[in-house]
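Colleague: Provided below for reference: sequence and predicted model.
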Amino acid sequence: MSDYLWILFVVLYIVLAPFIGGMIAGIDRKITARMQGRYGPPLLQPFYDVLKLMQKENIVVNKHQKLYVLCSLIFIIVAGAIFFAGGDLLLSIFALALASIFLVIAAYSTYSPYAYLGAERELIQIMAYEPMVILTIVGMYIATGSFSVTDIGAYEGLLVLKLPAMFVGFVYILTIKIRKSPFDISMSHHAHQEIVRGLTTEFSGKELAYIEISHWYENVMLLGLVYLFFASNPILAVLVLVATYFLEILIDNVNSRLKWQSVLFSTWLVAFVLGIANIAVLGFLKYFL
Amino acid sequence: MELVLFLIIVPIIVGVALLFIPARLHTARKSVVAAATLVLSGVSIYLVTQYIGEDQQMFSFDAHVWDMVIVGIEMILAGFIIVLSIIKKQYLAAALMLVGAGLMCWFEFAWAGDIPVRNVLFVDNLSLIMSLIIGVIGCLIALFAVGYMKTYHEKHPDVKDRTGFFFFIIFAFMGAMYGVVFANSLVWLFFFWEITTLCSFFLIGYSRQKTAVKNAFRALKMNLLGGIGFAVAIILLAQNTGTIELDHISTLSSVALLPMGLLAFAGLTKAAQMPFSSWLLGAMVAPTPVSALLHSSAMVKAGVYLIIRLSPAFDAVEGGGIVGLCVALVGAVTFVLTSFMAISQKDAKRVLAYSTVANLGLIVVCAGMGNYLLAWAAVMLVIFHAVAKSLLFLSVGTVEHNLGDRSIESMDGLIRSMPKVAVGMAIGILGMFLAPFGMLISKWAALEGLVEANAFLTVFVAFGGAATLFFWSKWLGKIIMVKAVPEGFVPKVSNLEKVTLGVLAGSTVLVCLTFPLISQYFLEPFILGTYGEIYVLEPSNVGILLMMMGLMIVLPLSLLTYRKVGYREQYLAGANVDEKEKFRGSLGVTQSISVQSFYLDSIFGEKRLFNIGVIFAIALILIMLVFAALRAGVGA
């Protein structure tokens, strides 16, 4: 029975992730509004937005962009499915990278100056967070002896105690992944600091809805990664997830966008220092204990 | 054994035949090269069917006469190079050649008689993989070159047409490469090693223009330096251990450390690792098929091949781990810094060159750590890199002839102006860096292996990998951009080019799809035979990868299904004009859109990073050699 449990998890992920992601987006918008002294939209507003987008007339610059956006959505689902099936974490992250690249490619294909700028900035973001993501996974391997999500999740102690620096580093780059200020240089939720609409300038209707949905899928998977750090204690893990997301919203609202140089430098510095420090401590522990 | 000798000698005979075909007899040359392609690839494949899956097959014969012939040829060539260097006032090159040849002469007369060489040649799965790469890819490149050189001379009337000589060297090069991968006697290996050095020297300097000559001599000097290391290694081995056979090295005691270090040093020079990366970058002045050959199937692959061969010795010989670690660190530094430098390059060929050096760096990292998982990753990297890189170089060559330059900025909208070539190029690019394609599978194995072997090395892979993602994606973005074709642009791609590009693109996809089979039939027997352990891909992961590949192939079909779609022009701040891709600029002038990539020169500029890399790499190589010398001294 338990041999097929992973199928259940995958199905649950594919069905539920958009709802969870959408709800998180709704709560996010509500809290953000309150922080800014506004009342904010209804909780279900993200779903209304997406449904409305789906019904719009389909307008594009060229056909290719539709294909690339579709690919991006599908590979994000694949990445999440590998993750929630308990598969290889590295493979899942590679699939996620593939999906991110497809979104960038979609923007490039439109030959629009604003989308192009967004695409290049998105690539800088990818380059900025990628090392920390890989090092986090490496850290998890050193601590648990496996790349498999099942094994990492089944780790007996609190993983975060072995990977404190990795956790801090990962939360740091999570700000980029969930598109929050000050690291939202390619496209932003805050209209006042946007170069037209950045990466998504040329997308409307169905494609924009797909991009939104894939963002929800991605967020759920990323929160799953954060969960892994605390997997041995589910209640604590959920509390940490809530706290982490709240922290991201707070950071989002008290910062304005940075220049790309600062994004790249700061994330690489964090990855380099925290990553190496954590690997060194783990190596030390392994060697002497 | 006859087959092996056949593969070494026939290319040289073909080369001589091509030497005597006058430049204007295009069709004759085409037929000879096509026939040679068929024969060499056919024999390489036949060789595979004969020896695949078996343990190392040793071939012993009395090579004394051959040895004399080899030394004779070496001396004649050395004399020729020395005279040429002196005429061109390259005294350092002449001196290096003199030292290298002198050492070999001394060895041959003072030592060779006392050192029995039992097995001169051998075949195992790694040699078979290499011979397939040389035979199939090398020949395809030669075939492509037939058409390319014709156009090249039409476009460069100032370059003297020495097409016959060009093809002679190309085929001699291939013969020498076969020699490198089949030789077990280090004397033979060294001979072929030096021949590849000389061939690349002649090819780089083909146009005889000033920079070409300068860069050819730079390549010559660096590789001769590596050759001297090789020669000293042979003499030390003969003196201290009494054997000069490749397969014996890993059974030796720590006296072999210094020869191992020197051989690795020779490998690093040939594989264009830092601080020697500049020769491969300089080699870009040569006609594009030469670059394709140097980068994918010949020359640099000889360098990593030797290091992969040394890899078990790093593990087995006492103290070898430190030598291996130094080698791996040189590779790691090279991988990171050259990946960074690739970001700042506009010239497509330079991007490819830096990416080659970076990938070789990764292979060196894997080979240096000397465990079975990393050896698997290293060989996989060699295979995928050879196929994808040759495809990329040749498509850049085709694009260059059509657009007039090879800047990535000019490749905007290639998917519209030259759709087939663009798709081929995109396959090559995807194959170089994205899941689920080949290179990524090996990078994945490399990460897994490195975590076990030395987790610090993963830091290099993490940062270098991120940079890789950046520079390939922005290039890919340029070519897949959908843009109106400039008026009057008619692409000219000859049939020969179409065929070679098509075959290479097909093989890239094929290699990606069949990698589990390649692993099972080629790599696993080799890894098991060498390390006694085996790396088997987890079937579920293979399944996922194949499923992802399937998706990548199937999804583009959805392009055909889009019907009810409305088209609008790009958003240009509301100033669009009726004409496509144009807008009303200030003062009412109509302007065209133009977009330029980020090259981040202030951060990833070549000069600064190169100097850093050179310092680190030289320090690491010195540490390696000093350590090896001290340890070997203690051991003796």
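Modeller: Nice, thanks for sending it over.

Colleague: mind checking how far the residue lying closest to B:W279 once chain neighbours are set aside is from chain A?
Modeller: In space, and not counting its chain neighbours, B:W279 is closest to B:A219: 4.0 Å by Cβ to Cβ, 6 or more residues apart in numbering or on different chains. For glycine as for every other residue, the C-beta is placed from the backbone atoms N, C-alpha and C. Distance, B:A219 to chain A, using Cβ to the nearest Cβ, to the nearest Å: 32 Å.

Colleague: B:L440 now?
Modeller: 6 Å.

Colleague: hmm, back to that, tell me the SS of the residue nearest to B:W279?
Modeller: helix (DSSP: H, G, I helix; E, B strand; the rest coil).

Colleague: I'd say it and B:A283 touch.
Modeller: Yes: with contact defined as Cβ atoms under 8 Å, B:A219 reaches B:A283; the gap is 6.0 Å.

Colleague: Are there residues contacting both of the two? Which ones?
Modeller: Common contacts of B:A219 and B:A283 (Cβ atoms under 8 Å, 6 or more residues apart in numbering or on different chains): B:200, B:204.

Colleague: So which residues of the stretch 501-636 of chain B form helices?
Modeller: For the stretch 501-636 of chain B, applying DSSP state H, counting those that start in this stretch gives helices covering B:515-518, B:524-531, B:539-554, B:601-604, B:606-635.

Colleague: Over to the stretch 51-200 of chain A?
Modeller: Under DSSP H, counting those that start in this stretch, the stretch 51-200 of chain A gives helices at A:64-84, A:89-109, A:113-144, A:149-153, A:159-162, A:164-177.

Colleague: could I get these as TSV with distance to B:V4, mean neighbour count and mean pLDDT?
Modeller: Output for the helices of the stretch 51-200 of chain A, formatted as TSV (distance: least, Cβ to Cβ, whole Å; neighbours: other Cβ atoms under 10 Å in any protein chain shown; pLDDT from 0 to 100):
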stretch	distance to B:V4	mean neighbour count	mean pLDDT
helix A:64-84	45	23	94
helix A:89-109	39	26	93
helix A:113-144	42	24	93
helix A:149-153	46	18	92
helix A:159-162	53	19	92
helix A:164-177	51	22	94
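
Colleague: Quick one, which of those helices gets closest to B:G324.
Modeller: helix A:113-144 (20.5 Å; Cβ to Cβ).

Colleague: quick one: that closest one near chain B?
Modeller: Yes: Helix A:113-144 is in contact with chain B by Cβ under 8 Å from any Cβ of the partner chain, via A:113-116, A:119-120, A:123-124, A:126-128, A:130-132, A:134-135, A:138, A:141-142.

Colleague: Show me what that helix is packed up against.
Modeller: Contacts defined by 3 or more Cβ pairs under 8 Å, 6 or more residues apart in numbering or on different chains; DSSP states H and E place helix A:113-144 against helix A:89-109, helix A:149-153, helix A:159-162, helix A:164-177, helix A:260-288, helix B:438-453, helix B:456-480.

Colleague: which one of the helices of the stretch 501-636 of chain B lies closest to B:E497?
Modeller: Of the helices of the stretch 501-636 of chain B, nearest to B:E497 by Cβ to Cβ is helix B:539-554, at 24.3 Å.

Colleague: Tell me the buried residues in that closest one?
Modeller: Across helix B:539-554, burial judged by 16 or more other Cβ atoms under 10 Å in any protein chain shown covers B:541, B:544-546, B:548-549, B:552.

Colleague: Can you give the distance from that helix to the centre of its chain?
Modeller: Centroid separation for helix B:539-554 versus its chain: 28 Å, with Cα atoms, centre = their mean, to the nearest Å.

Colleague: hmm, back to that, any chance of the helices of the stretch 501-636 of chain B in a markdown table, with distance to B:L392 and mean pLDDT too?
Modeller: Shown next, in a markdown table, are the helices of the stretch 501-636 of chain B (distance: least, Cβ to Cβ, whole Å; pLDDT from 0 to 100):
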| stretch | distance to B:L392 | mean pLDDT |
| --- | --- | --- |
| helix B:515-518 | 19 | 88 |
| helix B:524-531 | 27 | 85 |
| helix B:539-554 | 18 | 86 |
| helix B:601-604 | 21 | 87 |
| helix B:606-635 | 20 | 88 |
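
Colleague: out of the ones you listed, which comes closest to B:N240?
Modeller: Among the helices of the stretch 501-636 of chain B, the nearest to B:N240 by Cβ to Cβ is helix B:606-635 (7.7 Å).

Colleague: chain center to the helix or strand that contains B:I307: distance?
Modeller: Under the criterion of DSSP states H and E, B:I307 resides in helix B:300-316. Centroid separation between helix B:300-316 and its chain, computed with Cα atoms, centre = their mean, is 15 Å.

Colleague: follow-up on the earlier one: with respect to burial, which of the helices of the stretch 501-636 of chain B scores highest?
Modeller: Among the helices of the stretch 501-636 of chain B, helix B:524-531 has the highest mean neighbour count (mean count of other Cβ atoms under 10 Å in any protein chain shown), at a mean of 19.

Colleague: For the residue in the stretch 501-636 of chain B positioned nearest to chain A, which non-adjacent residue is spatially closest?
Modeller: In the stretch 501-636 of chain B, the residue that lies nearest chain A is B:Q570 (3.7 Å; Cβ to the nearest Cβ). Nearest non-adjacent residue to B:Q570, counting by Cβ to Cβ, 6+ apart: A:S112, 3.7 Å away.

Colleague: Look up how far A:I195 lies from the one you found.
Modeller: To A:I195, A:S112 is 12 Å away according to Cβ to Cβ, to the nearest Å.

Colleague: Between the two, which is the more surrounded one?
Modeller: A count of neighbours by other Cβ atoms under 10 Å in any protein chain shown puts A:S112 above the other of A:S112 and A:I195, at 25 against 17.

Colleague: ok, that one touching A:F203?
Modeller: No: under the criterion of Cβ under 8 Å, A:S112 makes no contact with A:F203, lying 10.1 Å away.

Colleague: Excluding chain neighbours, what is closest to A:M166?
Modeller: Spatially, and ignoring its direct neighbours in sequence, A:M166 is nearest to A:G139 (4.3 Å; Cβ to Cβ, 6+ apart).

Colleague: got it, and B:S507?
Modeller: Residue nearest to B:S507 in three dimensions, not counting chain neighbours: B:V387, with 5.4 Å by Cβ to Cβ, 6+ apart.

Colleague: repeat for B:G205
Modeller: Residue nearest to B:G205 in three dimensions, not counting chain neighbours: B:A216, with 3.2 Å by Cβ to Cβ, 6+ apart.

Colleague: For the one you found, list the residues it contacts.
Modeller: For B:A216, the contacting residues are B:201-202, B:204-205, by Cβ under 8 Å, 6+ apart.

Colleague: still on that earlier bit, list the contacts for the residue nearest to B:W279?
Modeller: Going by Cβ under 8 Å, 6+ apart, B:A219 touches B:197, B:200-201, B:204, B:279-280, B:282-283.
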